[in-house]
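[1] below: sequence and its predicted model.
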Amino acid sequence: MPSGDTRLGEFEQVLLFALLRLGDDAYGVTVRRDIEERTGRAVSSGAVYTAMERLEARGLVSSVVGEPTPQRGGKRKKYYRLEQRGAQALARSYDALRQMAKGLGPKLSDTASHGPAATER
Amino acid sequence: MPGNPSPLLARLLLRVLLRGERREFISGDIEEEYADHILPILGPMAARRWFWSQVLRSAGSAVPHVLPSRTVRGHKGDGFMSTTVMDLKYALRGLLKTPGFTFVAVLTLALGIGANTAIFSVVQAVLLRPLPFAQPESLVRIFETRPERGWDRVSLSRPNFRDYREQNSTFEDLGAMTGMSMSLTGSGLPERVSGARISAGFFRLLRVEPTLGRTFTIGQDEPGNENDQVLLSNEFWRTRFASDSGIVGQSLTLNDNSYTVVGVLPPGRPWLDAAQVFVPLVRNPEADRENFILGVIGRLAAGASTETARADLEAVSQGLQQIHPSLAEHGQIGFVLQPASEWIAGDQLRRALWVLLGAVGFLLLIASVNLANLLLARATTRQRETAVRAALGAGRGRLIRQSLVESLLLGVIGAGAGLLLARGAISLLRALDPGDIPRLADVGLNAWVLGFTLAVGLLAGILSGLAPAFQVPYAGLIGALREGGRSMAGGRAQRRLRSVLVGAEVALSLMLLVGAGLLIRSFNELLRVDRGFQSENRLFFTATLSPSYADGTRTSDFINQLLARINSMPQVRTSAAVNARPITGPNVGMGVLAAGQDVTSTEAVPWASWRLITEDYFRAVGLPQLRGRTFTKLDEIGSPWRAIISERLAEMLWPNEDAVGQQAVLWAGQNDFPAEVVGVVGNMRERGLEEEPTLAVYLPYYGAGWSSVNFVVHATGDPLPLVRTMRSMLAELDPNVPLSDVESIEALVGDSMATRQFHMVLLMVFSGLALVLALAGIYGVQSYSVARRTSEIGIRVALGATGGNVIRQIAGQGMMPTLVGIVVGSIGALALSRFLSSLLFGIAATDITTYVGVALLVAVTGLVSCYVPARRAMRVDPAEALREE
């Protein structure tokens, strides 16, 4: 995997936004709940972990291992932090998306609700 | 939290599936969220469900991303074991990712494996489990034969047994047993017990160690010791004497004589359970050579084979025939030596069990084929994944192995699930016990059965995994990668393979259905057969008279008094006595001739069974009186001899003449009693519904001293509630006569068909399952092919094809494998039918009705399962289908 590649997948963007919002309290549970609450999408802990691992390998996030707690059955948690490179990549891809989306809001929702035929004419 | 811990099994699963830090962090996250957020809000049930879904999804999604690199590492030489473990884990995760597929696959296999386990456990208990005797391989049961009469299993007479025992040179020893019933008195109500007389060395010969005490000593069977010592069966000791360890030395009153208990036998089958009490069979030099009453066993001497032993016995019997010319009366004497391995189950049962085992084998094949089809479809949808793995360096062998590991894993899981099904099935089998399958109560899941199940599971895994494994596309991988997998999916070769599999499934299930159909038709024939007797509202019971009744007049008086009392009950239409009940009664016979008839050979003398009856017997069992009269109380046996005969016998002795008034010769060749025929009655299937009606001679009970009297009562309604009253009537007459073996004629007939019904029901269930699996197979392939051809169908519709056209075309193509399967299956069924023919009744194994009926059933099933997907195809919207393209 080329480490210079900073293009982000959709799920990765979602994850990085979650890290940005959660700041110091970002670890598996909080990240998962944030995503689930905001997007209504069911995400598994395994998926979060796997994606974070990949982002970390690309230098976009970093992690610190915390203390074990009783609720976790004596297991430690892993905190994630958004690195500068990660923030840059997120800014870039969000920017790209925003540029592309500019002015298309009404048309998008129209098409989404009525199908393509309405817009082709 | 302490009250509602997270599901243990799910936690364990996570431990197995994940490693190292990954395991710690992921399971920590899930546990924390479960405890802090999910449990307080959703409650325990929903929280557990949430936990499980997290575990399953984490396990599935956590892996594939890292797998290719691991695979490459594996090739660098991590060794066979670690790659296998990796394959296993990968397979498990793959299965967890697609729970729907996994459920259907495991259920399919579990059905096949469960059925196999259940039937195998019966086969193991009944046919394969060793006998409770030491060195059973040298044990044989000895029957005489009379080939000229067509008798192939004749018990031995006492004099013959004695002579064979003394004169043979190939046996260590011979032993003999004969059954009887005895009445046990002295404590409470008199009881009828089953007894047996045995030669003194009988159980020593079998090398049986008694549970308590000893068996009979040598010489115990010398005259004078008749009423001295008794051995108890284990079951009788346990149930009647509550396993009393002090029973040895106590005395029992049997048939008014006092016996001392010398020992208790161990449990087991056969012989050990042949009776409840065993007494010595005392030498009787006067005994009749024509009285075939002994079951004889022998232990071959070292170096002797069944062949040499048979030749030896034949030589002895030829010598005997020189001395006793009457022995030649039924022609040459031959011998059948039955090895101990065949003692438990007779030919019919062995055959039936092997047929059933074959049937579940077919079911397993069908299940495997079905699974192979599922795996093929799945392999197609995973083509892109496979391509990625190949591109990253996995070789073809590696991919094939991965595919096989997956199906083997399914096989093992299926075996586990099958075991659960089998446990239920076994208790069901025990509940359905037809009564004469030996050792059915001992059937269970033992180490043998578990081993068999595992083997079957692995076999099913391999069978179902082979086709998908070798379909691993390698040459076309690049294309698969480029095109995203869908349009390349399932080339022509694969489509053909799946059709072949469906055809095989149809053929296999058709064979099973033909087998079940033949058994059903046989059963139906059996129900319709003319029995001769009626069964509604009729019952039998037995009264066992002690030897003090041996004088015929006392017996007749007793019978007449009891019948008079029974007939006085308003609910009784009529009642009568007979010495042997139909179907289960002993087979007593005689040679019969017309007076003055000249016979050239033994074969020409008709052999008829004989029955002692009272005057209303024919009315009581519903047998029609055709000509002449029945007996009255004035007809005493033998003074003078008068007989009533069955229609067939009458036609045989006096063709085209009225038999009534003719003179017959009874016990022709032995006593030659001249007798007048006073009546002719209908034919009756005395030996069971499956046997031809017997030739019968009826003689008056009056004046005969036969001690085991069977009473038949025909009531206006259900006769069973009347038994209480009859019991007290009997007690008034003689409190020492036990009343036993109460059975309605309906039950008597039902019991005689129970085993047949048992086999029929089992085969019906198995073939029904097979049909369902085949249906699922056809449906699956058809749906899949319709889904893949959506765009093609869209184009057809756009070009003007009507819905009817589409349905016809799709269903027609889908029916091809079914039709081929029907043809192949019919041929296969014909080829296999000879294995079934000995289990059939009244129809041929090639019965055309059954074959056509089954073929139609399968064709209709196939049509339905093709039609449903085809209808879906018809509704395809051409615009949508084309856009997808």
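    Received it, and whenever you're ready, just let me know what you need. Numbers count the residues shown, from 1 in each chain, chains lettered A, B, ... in the order given.

[2] my guess is residue B:210 contacts residue B:268, does it?
    No - Residue B:210 lies out of contact with residue B:268 (Cβ atoms under 8 Å); the separation is 11.9 Å. All C-beta spots, glycine's among them, are computed from the backbone N, C-alpha and C.

[3] list the buried residues in stretch B:321-338.
    By neighbour count on 16 or more other Cβ atoms under 10 Å in any protein chain shown, the buried set for stretch B:321-338 is B:327, B:329, B:330, B:333, B:334, B:335, B:337, B:338.

[4] ditto for stretch B:824-838
    B:824, B:825, B:826, B:828, B:829, B:832, B:833, B:836.

[5] mind listing the helices for the stretch 501-650 of chain B?
    Using DSSP state H, counting those that start in this stretch, the helices of the stretch 501-650 of chain B run over B:552-567, B:617-621, B:647-653.

[6] in a markdown table: the ones you listed, plus mean pLDDT and mean neighbour count.
    Below are those laid out as a markdown table (pLDDT from 0 to 100; neighbours: other Cβ atoms under 10 Å in any protein chain shown):
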| stretch | mean pLDDT | mean neighbour count |
| --- | --- | --- |
| helix B:552-567 | 91 | 18 |
| helix B:617-621 | 94 | 23 |
| helix B:647-653 | 93 | 20 |
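
[7] out of those, which comes closest to residue B:607?
    helix B:647-653 (10.1 Å; Cβ to Cβ).

[8] tell me if whatever helix or strand residue A:48 lives in is near chain B.
    Secondary structure here is read from DSSP states H and E; on that basis residue A:48 sits in helix A:45-57. Yes - counting by Cβ under 8 Å from any Cβ of the partner chain, contacts between helix A:45-57 and chain B involve A:45, A:46, A:47, A:48, A:49, A:50, A:54.

[9] local confidence estimate at the fourth one?
    The pLDDT attached to residue A:48 in the predicted structure is 90.

[10] neighbours of residue B:518, how many?
    Residue B:518 has 28 neighbouring residues, counting by other Cβ atoms under 10 Å in any protein chain shown.

[11] and it, how far from chain A?
    55 Å (Cβ to the nearest Cβ, to the nearest Å).

[12] just to check, that residue is in contact with residue B:838?
    No - using Cβ under 8 Å, residue B:518 makes no contact with residue B:838, being 11.7 Å away.

[13] flag the shaky bits of the chain, pLDDT-wise.
    By default, I'm working from chain A. A:1-5, A:116-121 (pLDDT under 70).

[14] I was after chain B.
    B:1-3, B:59-82, B:225-227, B:471-492, B:600-603, B:881-885.

[15] now do the SS call for the residue nearest to residue B:56 when sequence neighbours are not counted.
    Setting aside the residues directly before and after it, residue B:56 is nearest to residue B:96 in space (Cβ to Cβ, 6 or more residues apart in numbering or on different chains), at 5.4 Å. Secondary structure, DSSP: H, G, I helix; E, B strand; the rest coil: residue B:96 is helix.

[16] what number of residues lie near residue B:96?
    So residue B:96, with other Cβ under 10 Å, has 19 neighbours.

[17] residue A:81 looks like it's in a helix, true?
    No - membership of residue A:81 in a helix is not supported by three-state DSSP, which gives strand.

[18] apart from its neighbours in sequence, what residue is nearest the residue in chain A positioned nearest to chain B?
    Closest residue of chain A to chain B, Cβ to the nearest Cβ: residue A:46 (2.7 Å). Spatial nearest neighbour of residue A:46, excluding adjacent residues (Cβ to Cβ, 6+ apart): residue B:58 at 2.7 Å.

[19] isn't the one you found up against residue A:45?
    Yes - at 5.1 Å, residue B:58 and residue A:45 qualify as touching, with contact defined as Cβ under 8 Å.

[20] how about residue B:701, nearest residue that isn't a chain neighbour?
    Nearest to residue B:701 is residue B:612, by Cβ to Cβ, 6+ apart, at 4.2 Å.

[21] name whatever forms a beta bridge with that neighbour.
    residue B:699 (DSSP bridges).

[22] I'd guessed it sits against residue B:697; true?
    No - using Cβ under 8 Å, residue B:612 is not in contact with residue B:697, being 10.3 Å away.

[23] helix or strand next in line after the longest helix along chain A, which one?
    Looking across chain A with DSSP state H, the single longest helix is helix A:84-101. Next helix or strand after helix A:84-101 toward the C-terminus (DSSP H and E): helix A:105-114.

[24] for that next one, packing partners?
    Secondary-structure packing of helix A:105-114 (3 or more Cβ pairs under 8 Å, 6 or more residues apart in numbering or on different chains; DSSP states H and E): helix A:117-120.

[25] sorry, back to before: what's the burial count for the residue nearest to residue B:701?
    With other Cβ under 10 Å as criterion, residue B:612 counts 25.

[26] same check, this time on residue B:714
    Around residue B:714 there are 21 other residues, counting by other Cβ under 10 Å.

[27] residue B:782 now?
    27.

[28] I figured it hits residue B:814, correct?
    Yes - counting by Cβ under 8 Å, residue B:782 touches residue B:814, with 4.4 Å between them.

[29] so for those two, which residues contact both of them?
    Shared contacts of residue B:782 and residue B:814 (Cβ atoms under 8 Å, 6 or more residues apart in numbering or on different chains): B:866, B:869, B:870.

[30] tell me which element the first one falls in.
    According to DSSP H and E, residue B:866 maps onto helix B:848-874.

[31] in that helix, what's buried?
    B:850-851, B:853-855, B:858-859, B:861-863, B:865-867, B:869-870, B:872-874.

[32] those residues also near chain A: which ones?
    Within the buried residues of helix B:848-874, nothing lies near chain A by Cβ under 8 Å from any Cβ.

[33] which stretches of the stretch 101-250 of chain B form helices?
    Using DSSP H, counting those that start in this stretch, the helices assigned to the stretch 101-250 of chain B run over residues B:158-167, B:202-205, B:234-240.

[34] same for the longest one, what does it pack against?
    Going back to what we said before, that points to helix B:158-167. Checked by 3+ Cβ pairs under 8 Å, 6+ apart, helix B:158-167 has strand B:171-185, helix B:306-323 packed alongside it.

[35] re earlier: packing partners for the helix holding residue B:866?
    helix B:492-528, helix B:745-788, helix B:803-836.

[36] show me what contacts residue B:780?
    B:370, B:373, B:374, B:377.

[37] quick one: distance of the helix or strand hosting the third one to the chain centre.
    Using DSSP H and E, the element containing residue B:374 is helix B:347-381. Relative to its chain's centre, helix B:347-381 lies at 19 Å (Cα atoms, centre = their mean, to the nearest Å).

[38] can you pull the residues of chain A lying near chain B?
    By the rule Cβ under 8 Å from any Cβ, the part of chain A lying against chain B is A:27-29, A:32-33, A:42, A:44-50, A:54, A:68-69, A:71-73, A:75-78.

[39] how many neighbours does residue B:18 have?
    22.

[40] meant to ask about residue A:75
    A count of nearby residues for residue A:75, using other Cβ under 10 Å, gives 19.
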